[in-house]
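Q: Pasting the sequence and the predicted coordinates here, then a few questions.
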Amino acid sequence: MIRLENLSVTIHGAEILSAVSLDIAPGKVTGLVGESGSGKSITALAMMGLLPHGSTASGHAWLDEGDVLAKPEREMCALRGNRVGMIFQEPMTALNPLKTIGDQVAETLMIHRRTTRREAMEIARQRLARVGLPADRFPLNRYPHELSGGQRQRVCIAMAVALNPELLIADEPTTALDVTTQAQILDLLQGLVAEEGMSLLLITHDLAVVSGMADHVAVMQAGRIVEQGPTETLFRTMAHPYTRKLFAASSHQPARMPQAEDTALLCVDRAVRDYATARIGLFGKPGRFRAVNGVSFTLHRGESLGLVGESGCGKSTLTRAILGLDPLQGGAIRLGGQEIHAGPHLDASIRRRMQVVFQDPYGSFNPRWRVERLVAEPFHLSDGRPADMRDRVARALDDVGIEPGAMDRYIHEFSGGQRQRIAIARALITNPELIVLDEAVSALDVRVRAQILDLLARLQEAHGLAYLFISHDLSVVRSVTDRVMVMKSGEIVEEGPTETVFAAPSHDYTKALIAATPTIPADWQGEQHA
Amino acid sequence: MLRYALSRAVSLGLSLLVASVVIFAVIEVIPGDPAAYMLGMNATPDAVAALREQLGLNGTLVSRYLSWAGGMLTGDFGVSYTYKVPVADLVAQRLWISLPLALYALALSTLIAFPVGLLAAARRGGVTDYGIMGTTQLGIAVPNFWFAMLLVLVFAVNLRWFSAGGFPGWQGGLLPGLKALTLPAVALALPQASILARVMRSALIETLGQDYIRTARAKGLSRRQAVLRHALRNALIPVLTIIGLQFSFLLAGAIIIENVFFLPGLGRLVFQAITQRDLIVVESLVMLLVFAVIVVTFLVDLAYAAVDPRLRRRT
Amino acid sequence: MRPGAQLWIGAGLSAVFLLAALLSFAWTPHDVTALNIADKLKPMSATYPLGTDHFGRDILSMLMVGARTSIAVALVAVGIGVGLGVPLGLLAAANRGSLLDEVVMRGNDLIFAFPSLVIAILITAVFGPSALNAILAIGIFNVPVFARVTRGSALSLWTLDYVLAARVAGKGRLRISVEHILPNITNLLIVQGTIQFSLGILAEAALSYVGLGAQPPTPSWGRMLAEAQTMIYTNPALAILPGLAIVAMVLGLNLMGDGLRDLLDPRVRRARG
């Protein structure tokens, strides 16, 4: 039994956690949900005794009879990895790049038990096999860079559960992974809990993930647990308004009317895009990798077209080709009948008709420019700056809900959601017909995401825009598009009206994607509307 | 691994080729007639013609380059105009001072820098760290030849522990030779050790912030174990780069330091050769120095691959 | 030491030498070209605040003019490094993986094989020693340093979305390099410039010490040390003073560089709130 009792943490004087109390039952999955900055990870680190420098913790974290917060560092070392294991969000960087996976798993054993290296390696082999990395396909002498993200997360899990700990803390374990990989990792965690009787504390921002995994859920906001209870009861009642807001935002459906016309706007015709891969040594020939393989589709005026697929499927490459950033090796892309050629010589009149909003609200703006200049940058495409440029920037900002006085400020003064609004203003400034939304809401917290989706729906109606909505998140695509395409290994495997595709997918891959997407059971949602 | 080594070796060969062409061009082409240059203003036409003949200047540029480069490859560096002995003999003799001096200094610098950098990183933000950072800041600012003069002043003139200069030769045994090289090596090593310790510290601090260190701590490793087992080897990668660069600075620095201690090494030879306009000696020495630097770069590349599995692709 | 203190101490030290160097154009306590054997090797006094050397020249005046030589050589050498290295680095990064990039990078590697001393030896062997020689030798070596720093940090900026946004706005690589890349690496270049400046002071001193730098009668710190070396037993002050000047100047620049880096590095700034 693990029990947090009035756990409070301050970092450099700022209160991060206040009086958190939580019971983690043995052999069960406890979910801890909240938006970024709510204190979920700090809770976990406090339980591990790994709080950042300058932190002070008060209260208790009982592990059986002992208070973890009161233990000296030496005892904590004996406890970590032995009785409490932990895995983190980013599997790509969580492993030491210079050590083999076998060594890294065996290390947990050798730190805590008197075993020979040979015995430790033997156990490591078994544990790696248990997490789905059998030695015949994944020898112990593999290095992390030879594995995919999902495989690396499996190694991390093997490391964390090597000694059958009583508690495994998983901090956003699948957030960095594709949806099908996420489903596999969640399955694996559930299997480990069932088989080995350990407790799992699952920390996530995703309500759907906890609804499918957890026995008990705690909702966290600004360092406090606002509500907790058995999963189903909590979802059915939602006693706290914050829980209701979170829930509403995560299944938000913007009000929008299909307004697609019959005229084609963007035609992609058997597009092929090859990459040169790194050459191996001085003698090796650079290889070729076909990222986009004969893709054809049409996007109509005023239409919202979704493009979904997992990382590496070629959707970003296709986007870059459509934006005229990279040349095609075959086929053609036409916007309103004019062909798009890559490079700076692409006619400004075509470029003006098509703008883009990127994923990262932090990397999307030159930090040294003021908002006015940032939003006005696409005027480079018109002949000379319009005389009323300032007015037009103000209008675009107003359109996206940013007060025009923001023009004279720098981008670091804005939050992630505000930045994404400014990015949309920049896209609107040339009155384009098409806006490419490249994972434009993926980096945002659910409530901000819902607001931006509403904004996009409103702008589409007001300006008759067409959207190409690229995302790995199926539920978002479902809520905002008229039509959807599913991409896999450089090809479009299925395409059709969004509702049809989601309700009755025909391709196996689409079926797998939809099946892997976590959802909150439909009948849990009834009562909160009452 | 073999493939990687092979590809580095090819690029080593190319670098040497280009470097030799540049040196040849600067020494033999830019001055116009090297023979006239070497003999100075008062040379008679006959003497110039004789020297031209001796230097083989009558061939085409390409054939002259090929015979020079070919000679270098077979150990024939030509004959010194002023010393009238093969340059190879001159160089071999002097190399036995300059090379041990540079290596001695490199060893000192590394041996000092590693523990000091590690200590500073471990005590980050503490008094020890500030002390080390302050001392190394000063160490970087001290010119090595001036530091050498101070060492002479203190340890040779006042304390009389070491001789102020000169070299007894290796024939008297290893120890007297090493003793004569100790002050010069310390003078060379101190500024380099300061730089290396700072690099070591910041590389370690950077590494300690990585996710895999957190993973290691979550496994139950103590801070100390996490540093020794995981951080150290990862921090070695930027440190190796600096050690590689330092070798060329130490070799160049050795040339200067030899002047303070009157050591008959390559440095003395090269300055004498410049004063006497002995282009043949200058050309060979410069090529030799550049050769040493390029070879060390190659070795550092191999060391990278030994440390970092990401460079040893399975093919 | 607090980063702010570091910056101000560094800037203060550097400013002292810069002012002394500037002042030396207009006024020095004594004429450094006039030899006055009668007053040779005088100790410190009111007339000669730091004493005189073996030719009776005023040490303080020599140090002031020496600062001028050092600063001029190092400054021009940094100028050469920035002037050639930064555009090359920007071009290489803008055309990543192209032949141009390859040539620039291999060229850099090649120059790294010629330490400044070796370049100085080559130039001196052909053209004879001079201050210009030192400037060229240090400047040429600075080129790959700046090219590398520029290319490295520019490459990471090229992957950012705002560069993509600029490309979508139809801007060419050159324009993006000037408008978006350069302003965002200026901080880094200023810090690197300070470091190279201090290394240039050290290199100039070393080159003049071995006679490959500034020639008589131009006073330079390195040559003052070379001349003092033979008298180190009798007049150690002659060898100590120029050395201290070098240390103080280089230390000042390094402290200023570190302070600037802490001040300008947004990561450090953000961490401090």
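A: It's in.

Q: Now do the spatially most central residue of chain A against A:Glu35, distance only.
A: The residue lying closest to the centre of chain A (CA atoms, centre = their mean) is A:Thr175, at 5.2 Å. A:Thr175 is 13 Å from A:Glu35, where distance means CB to CB, to the nearest Å. C-beta here means a position set from N, CA and C on the backbone, and glycine is covered the same way.

Q: Kindly report the same for C:Leu91.
A: For C:Leu91, the distance to A:Glu35 - CB to CB - is 44 Å.

Q: shaky segments in the stretch 151-273 of chain C?
A: Under the criterion pLDDT under 70, the flagged ranges of the stretch 151-273 of chain C are C:265-273.

Q: Residues contacting stretch A:252-260, please?
A: Contacts with stretch A:252-260, where a contact means CB atoms under 8 Å, 6 or more residues apart in numbering or on different chains, come from A:300-304, A:446, A:449-450, A:453-454, A:456-457, A:460-461, A:464, A:466, A:479-480, A:482-483.

Q: ok, which residues in the stretch 51-200 of chain C are in contact with chain B?
A: Contact residues (CB under 8 Å from any CB of the partner chain) of the stretch 51-200 of chain C with chain B: C:106, C:109-110, C:112-118, C:121-126, C:198.

Q: Next, C:Phe114: secondary structure please.
A: With DSSP: H, G, I helix; E, B strand; the rest coil as the basis, C:Phe114 sits in coil.

Q: which residues does residue 216 contact?
A: This is for chain A. By CB under 8 Å, 6+ apart, A:His216 lies in contact with A:Asp23, A:Ala25, A:Lys28, A:Val29, A:Thr30, A:Gly31, A:Gln228, A:Gly229, A:Pro230, A:Thr231.

Q: wrong one, chain C
A: Here C:Pro216 is in contact with C:Arg223 (criterion: CB under 8 Å, 6+ apart).

Q: phi, psi of it?
A: phi -60, psi 150 (degrees, to the nearest 10).

Q: Which of the contacts of stretch A:252-260 fall within helices?
A: A:Val446, A:Arg449, A:Ala450, A:Leu453, A:Asp454, A:Leu456, A:Ala457, A:Gln460, A:Glu461, A:Ser479, A:Val480 (DSSP state H).

Q: Test for you: state the pLDDT assigned to the last one.
A: Looking at A:Val480, its pLDDT is 92.

Q: Touching, it and A:Ala457? I think so.
A: Yes. Judged on CB atoms under 8 Å, A:Val480 makes contact with A:Ala457 at a distance of 6.8 Å.

Q: who's more crowded, these two?
A: Set A:Val480 next to A:Ala457 and count neighbours by other CB atoms under 10 Å in any protein chain shown: A:Val480 wins out with 23 against 19.

Q: which residues does the more buried one contact?
A: Applying CB under 8 Å, 6+ apart, we find A:Val480 in contact with A:Pro254, A:Arg256, A:Ser304, A:Gly306, A:Leu453, A:Leu456, A:Ala457, A:Tyr467, A:Phe469.

Q: Now do the contacts for A:Cys267.
A: Applying CB under 8 Å, 6+ apart, the residues contacting A:Cys267 are A:Phe297, A:Thr298, A:Leu299, A:Ala332, A:Ile333, A:Arg334, A:Leu335.

Q: Can you tell me which helices and strands the helix or strand bottoming out on mean pLDDT in chain B packs against?
A: The helix or strand of chain B with the lowest confidence, counting by mean pLDDT, DSSP states H and E, is helix B:34-39 at a mean of 73. Judged by 3 or more CB pairs under 8 Å, 6 or more residues apart in numbering or on different chains; DSSP states H and E, helix B:34-39 is in contact with helix B:45-55, helix B:279-307.

Q: got the angle between whichever helix or strand comes after the shortest one and helix B:45-55?
A: Using DSSP states H and E, the next helix or strand after helix B:45-55 towards the C-terminus is helix B:61-73. Helix B:61-73 runs at 60 degrees relative to helix B:45-55, counting by axes from the mean of the first three to the mean of the last three CA atoms, to 10 degrees.

Q: Would you tell me which residues of the stretch 101-250 of chain B are close to chain C?
A: Applying CB under 8 Å from any CB, we find that the stretch 101-250 of chain B lies next to chain C at B:130, B:134, B:137-138, B:140-146, B:149-150, B:152-153, B:157, B:245, B:248-249.

Q: Next step: those restricted to strands.
A: Within these, no residue falls in strands by DSSP state E.

Q: now those: which count as buried?
A: Among those, those classed as buried by neighbour count (16 or more other CB atoms under 10 Å in any protein chain shown) are B:137-138, B:140-146, B:149-150, B:152-153, B:245, B:248-249.

Q: give me the element residue 236 is part of.
A: Picked chain A for this. Using DSSP H and E, A:Arg236 maps to helix A:231-237.

Q: I was after chain B.
A: Under the criterion of DSSP H and E, B:Leu236 resides in helix B:232-261.

Q: Could you pull up the mean pLDDT of that helix?
A: The average pLDDT within helix B:232-261 is 87.

Q: hang on, the earlier thing: is it possible to mark the buried ones in the residues of the stretch 51-200 of chain C next to chain B?
A: Buried by 16+ other CB under 10 Å: C:109-110, C:112-118, C:121-126, C:198, out of these.

Q: with these in mind, which one is nearest to C:Gly56?
A: Among these, C:Thr124 lies closest to C:Gly56 (CB to CB), at 29.9 Å.

Q: Show me what the host helix or strand of A:Ala194 packs onto, helices and strands only.
A: A:Ala194 is part of helix A:179-196 when elements are defined by DSSP H and E. If contacts are counted by 3+ CB pairs under 8 Å, 6+ apart, helix A:179-196 sits against strand A:29-33, helix A:149-161, strand A:167-171, strand A:199-204, helix A:207-213, helix A:508-516.
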